[in-house]
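A.B. asks: Fold the following and give me the result.
(2 chains, ligands or ions: 2)
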There are 2 protein chains.
Amino acid sequence: MDDMGWGDLGVLGQPSKETPNLDAMAAEGMLLPNFYTANPLCSPSRAALLTGRLPVRNGFYTTNAHARNAYTPQVIVGGISKDEILLPEMLKKKGYVSKIVGKWHLGHRPQYHPLKHGFDEWFGAPNCHVGPYNDTNEPNIPVYNNSEMIGRYYEEFKIDRRTGESNLTQIFLQEGLDFILRQNAAQRPFFLYWAPDATHTPVYASESFRGKSQRGRYGDAVMELDHSVGQILSLLKSLDIDNDTFVFFTSDNGAALVSGIAGGSNGPFLCGKETTFEGGMREPAIAWWPEHIKAGSVNFQLSNVMDLFTTSLALAGIDAPDDRILDGLDLTPVLLNNSDSLKNRAIYYYRGNEMMAVRLGQYKAHYWTWSNSWEQFKTGINFCPGQEVPGVTTHEQMNHTLQPLVFHLGRDPGEKYPVSVLSREYLDIMKELMPIVQKHQQTLIPAVPQLNMCDQSVMNWAPEGCEKLGKCLQPPKPNPWKCVWPH
Amino acid sequence: MDDMGWGDLGVLGQPSKETPNLDAMAAEGMLLPNFYTANPLCSPSRAALLTGRLPVRNGFYTTNAHARNAYTPQVIVGGISKDEILLPEMLKKKGYVSKIVGKWHLGHRPQYHPLKHGFDEWFGAPNCHVGPYNDTNEPNIPVYNNSEMIGRYYEEFKIDRRTGESNLTQIFLQEGLDFILRQNAAQRPFFLYWAPDATHTPVYASESFRGKSQRGRYGDAVMELDHSVGQILSLLKSLDIDNDTFVFFTSDNGAALVSGIAGGSNGPFLCGKETTFEGGMREPAIAWWPEHIKAGSVNFQLSNVMDLFTTSLALAGIDAPDDRILDGLDLTPVLLNNSDSLKNRAIYYYRGNEMMAVRLGQYKAHYWTWSNSWEQFKTGINFCPGQEVPGVTTHEQMNHTLQPLVFHLGRDPGEKYPVSVLSREYLDIMKELMPIVQKHQQTLIPAVPQLNMCDQSVMNWAPEGCEKLGKCLQPPKPNPWKCVWPH
Ligand SMILES: [Ca+2]
Ligand SMILES: [Ca+2]
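C.D. replies: Numbers count the residues shown, from 1 in each chain, chains lettered A, B, ... in the order given. Ligands and ions are numbered 1, 2, ... in the order given. Coordinates of the predicted model:
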């Protein structure tokens, strides 16, 4: 899911309980309350999911300024490098057919498209559904069916900014169901990356879900996505392939608290999207595979989206690439035997190429803290509305590298009460953590940053297929600049 | 439960998921996410539960200063008035035997004891388990078995302040199970008011639960209480009286965020105990009655502890008292038919005799806001740690009576984004709310306040039964004063 928060699921405490299907999925599967994304925003998180590698290793970061979040708006020049190996490329080795439905966000220029990186099918868009644009300064985002555009958001694919109505989730659902049906009929193994984006602003829902939740548009979108997940699981059951299909539900980053009531909930966690506090990176996560994953289980293993790469390969019986460092671990012992054998694994929280924090066991050490700049904050951009923890949710980048700020996330999931630096507990955890962090940093070879350069000429003016539709626009002359990433 | 927060249950989003038995209880019964207490602290909340009336009507409030929380420390002179009718007194009409196990908190002087107000049995203490005291300025709190003390906390009933170890919950559990067994054997209808206080500071757990949770002492206490609830429900099942026994789980006020990591969680809600924000008064609530209450149901009806008085009478087939105003409604349509027929009922949030806020449907209107005083706040007493909503979590009493501060709790459960006073929405809700509030205030006849006077001579120096134990202490001379209630 896109920008859905940990606290948006009924089973994770959303008071308006909009997710009966996801709650049932958890009751039939495994809940992972300590599951993380790799970055507190869309593009790097998705690149990490598909490569099994931290964004700093796969190139989905910027070095234009210190500790900055970067993504792929349509002015971005870069995208996923051809040197990266994506999950569908690997799965092909065992005959898996792969489809992405929804948002790609790994680069919109032709060489970066999903079909160039292992996917067999694509229905969706390369960028977020923001807009509408006027075609002069910026074109609307194209929607692709495989290698050709079939329309644009706000044109052929309606989103009503005033009412929040759009039937996109229904379209994405049908695309997903149809893919499953076809692969099942052909008895082919398949990988469906179902990536709808209804919970990313501008939040939308179709007519039959509008006004149905207690939470307004955001809740309506959650209800429609929940309903869709229910439909997908139902289809697997009715095709009698539920016992052969591993399904994982998660989100790409924490709820965008900056959007106020248009954003979701991070439950008891601090701040949201764009930050390396728990609200920015702890994700709702449910693993489902009847007869293989124990129904109703809860596993506290620290895990993350990159593990899904490694785990999927393990489940498919494919050796992981051995020519590069993977950050993902194989979670099969956790999922299939409910073990916690990976208990010494660390979780890294990055902003750009800066390691902001590390979690090991119940402890999280912040090496750097900030939410956003005073300049931004003063204009009303607040990543932690209603929350303020002195010295933690700072508006300048605070360097704690010599004496990290440590929280015990079991006792203090909201990151409010730092462990005293004078305590035995602090010394013990730092002694354990230091060599792990040192090793991580020493072996880290950053890739060429893909998110440094911007250029208006690379926008979606004339996507493949635009001629057939008569929807090609004239791009401006190339005029690249270093993208400005303010937070 | 005591000081347990909405967010402390797994099923309500506690990340450390310590409540498998309560989660199962919810799966077998009904979750009520919009259930409230009557006051954001112990004594008035408990008085409201047992009388079905707001504290301002039953006398459990103070007029010593404006909008103050008051309770029953052992210097309190007052207690539950003989003019109030308590639930066990009513249930006697149909032969119910009643027992309270745990904390009473409705007055510790002899005339206020449970056995003087309808209970047939009592095992527990009149006050909180704070201490230890030195017998000179203050005696330790006595533990009663029916009408006589059998020891004192920190003396015969150990609580280790250093380690947080105490076996009190185990004792309370055995008392509860034993009562059920005896009433079942005698085929008598029964009312068990099981009121353990392990989650009230100083938080405690017994040896077998210490260190078992990820949350430290507080989580250990939750695990032991959860285990105990599981034992009680198991006994009902094994006696085959589960289908004949209505069980309700809730807490008396929000988690005491003022206690930091020694307190619980209020999930996504604002502030905690002592406040009239959602974190202070929204409570975890599960109704359980196999074959009568639909398993796995979620009902959004606004309801509160006073409804339990009226509902219990209705279930027992006893007419409610008709000589006084009851604030509790009969929830049987909600519980038995999963209806929302009581949708026009309002929830009132009081501090002392001041109506601070009202909820109607999804809207909550604050007529007064404050968390605590600047003086207190500056000494580190913070009811909203890590949270700050400008103009809402104020440190002076802010009067909004002419233009209430309105929140939509569906879209904004955290009370961060006031509905614009210039909006149609604001006008609509205020138009609906004003006559309801006006009627409430016009028909409200405050009782004589019971929590105004304090006196050291009334403390538990020489409780009934102390002679037999040789544990009588000499009280000082009477010297009453007006209690100081700082918040
Ligand atoms: Ca996102
Ligand atoms: Ca309490």
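
A.B. asks: Where does chain A get nearest to chain B, residue-wise?
C.D. replies: Chain A approaches chain B most closely through residue A:13 (1.7 Å), counting by CB to the nearest CB. (C-beta placed from N, C-alpha, C; glycine too.)

A.B. asks: what residues are up against the closest residue to that residue other than its chain neighbours?
C.D. replies: In this structure, residue A:13 finds its nearest non-sequential neighbour in residue B:13, 1.7 Å apart by CB to CB, 6 or more residues apart in numbering or on different chains. For residue B:13, the contacting residues are A:7, A:12, A:13, A:14, A:267, A:268, B:7, B:267, B:268, by CB atoms under 8 Å, 6 or more residues apart in numbering or on different chains.

A.B. asks: tell me the contacts of the residue nearest to residue A:78 when sequence neighbours are not counted?
C.D. replies: Computed as CB to CB, 6+ apart, the closest residue to residue A:78 that is not its neighbour in sequence is residue A:450, at 3.3 Å. Counting by CB under 8 Å, 6+ apart, residue A:450 touches A:59, A:60, A:61, A:76, A:78, A:79, A:80, A:81, A:107.

A.B. asks: pLDDT score assigned to residue A:450?
C.D. replies: Looking at residue A:450, its pLDDT is 98.

A.B. asks: Can you tell me the element it falls in?
C.D. replies: Assigned by DSSP states H and E, residue A:450 belongs to no helix or strand.

A.B. asks: how near is it to residue B:303?
C.D. replies: Here residue A:450 is placed at a distance of 54 Å from residue B:303 (CB to CB, to the nearest Å).

A.B. asks: how many other residues sit next to the one residue in chain A that gets nearest to ligand 2?
C.D. replies: Distances between chain A and ligand 2 by CB to the ion are smallest at residue A:268, namely 19.9 Å. By other CB atoms under 10 Å in any protein chain shown, 25 other residues sit near residue A:268.

A.B. asks: again with residue A:473
C.D. replies: If we define neighbours as other CB under 10 Å, then residue A:473 has 16 of them.

A.B. asks: do the same with residue A:105
C.D. replies: Residues near residue A:105, counting by other CB under 10 Å: 29.

A.B. asks: May I ask you to confirm that it belongs to a helix?
C.D. replies: No - counting by DSSP: H, G, I helix; E, B strand; the rest coil, residue A:105 is not part of a helix but coil.

A.B. asks: which residues touch the closest residue to it other than its chain neighbours?
C.D. replies: Distances taken as CB to CB, 6+ apart place residue A:43 nearest to residue A:105, at 4.7 Å, with adjacent residues excluded. Contacts for residue A:43 (CB under 8 Å, 6+ apart) come out as A:60, A:70, A:71, A:72, A:105, A:106, A:451.

A.B. asks: Which pair of the residues you listed spans the longest distance?
C.D. replies: A:70 and A:106 (12.9 Å; CB to CB).

A.B. asks: Give me the common contacts of those two.
C.D. replies: A:43, A:60.

A.B. asks: quick one, helices of the stretch 1-150 of chain A?
C.D. replies: A:20-28, A:42-51, A:55-58, A:87-91 (DSSP state H, counting those that start in this stretch).

A.B. asks: State the number of residues packed around residue A:476.
C.D. replies: Counted with other CB under 10 Å, residue A:476 comes out at 12.

A.B. asks: Pretty sure it sits against residue A:462.
C.D. replies: No - using CB atoms under 8 Å, residue A:476 is not in contact with residue A:462, being 11.9 Å away.

A.B. asks: Quick check on the closest residue to residue A:35 other than its chain neighbours: phi, psi?
C.D. replies: Setting aside the residues directly before and after it, residue A:35 is nearest to residue A:285 in space (CB to CB, 6+ apart), at 3.3 Å. Main-chain torsions, residue A:285, degrees, to the nearest 10: phi -150, psi 130.

A.B. asks: On the pLDDT front, check residue A:285 for me.
C.D. replies: 98.

A.B. asks: pretty sure it contacts residue A:252?
C.D. replies: No - the criterion here is CB under 8 Å, and residue A:285 misses it with residue A:252 at 11.8 Å.

A.B. asks: Could you look up the SS state of the residue lying closest to residue A:441 once chain neighbours are set aside?
C.D. replies: The shortest distance from residue A:441 to any non-neighbouring residue, by CB to CB, 6+ apart, is to residue A:355 (6.9 Å). Look at residue A:355: counting by three-state DSSP, its state is strand.

A.B. asks: Next one: residue A:355 relative to ligand 1, how far apart?
C.D. replies: In this structure, residue A:355 and ligand 1 are 21 Å apart, going by CB to the ion, to the nearest Å.

A.B. asks: residues touching the residue lying closest to residue A:247 once chain neighbours are set aside, list them.
C.D. replies: In space, and not counting its chain neighbours, residue A:247 is closest to residue A:288: 4.4 Å by CB to CB, 6+ apart. Taking CB under 8 Å, 6+ apart, we find residue A:288 in contact with A:25, A:28, A:29, A:30, A:233, A:246, A:247, A:248, A:249.

A.B. asks: Give me the subset of the residues you listed lying in strands.
C.D. replies: Of the positions in the contacts of residue A:288, A:30, A:247, A:248, A:249 sit in strands, assigned by DSSP state E.

A.B. asks: gap between the second one and residue A:219?
C.D. replies: Going back to what we said before, that points to residue A:247. 23 Å.

A.B. asks: Between those two, which is the more surrounded one?
C.D. replies: residue A:219 (28 against 19).

A.B. asks: Spell out which helix or strand contains the more buried one, please.
C.D. replies: Going by DSSP H and E, residue A:219 is part of helix A:217-238.

A.B. asks: Also residue A:486?
C.D. replies: Using DSSP H and E, residue A:486 falls outside every helix and strand.

A.B. asks: Spatially nearest residue to it, not counting backbone neighbours?
C.D. replies: residue A:376 is the one closest to residue A:486 (CB to CB, 6+ apart), at 6.0 Å.
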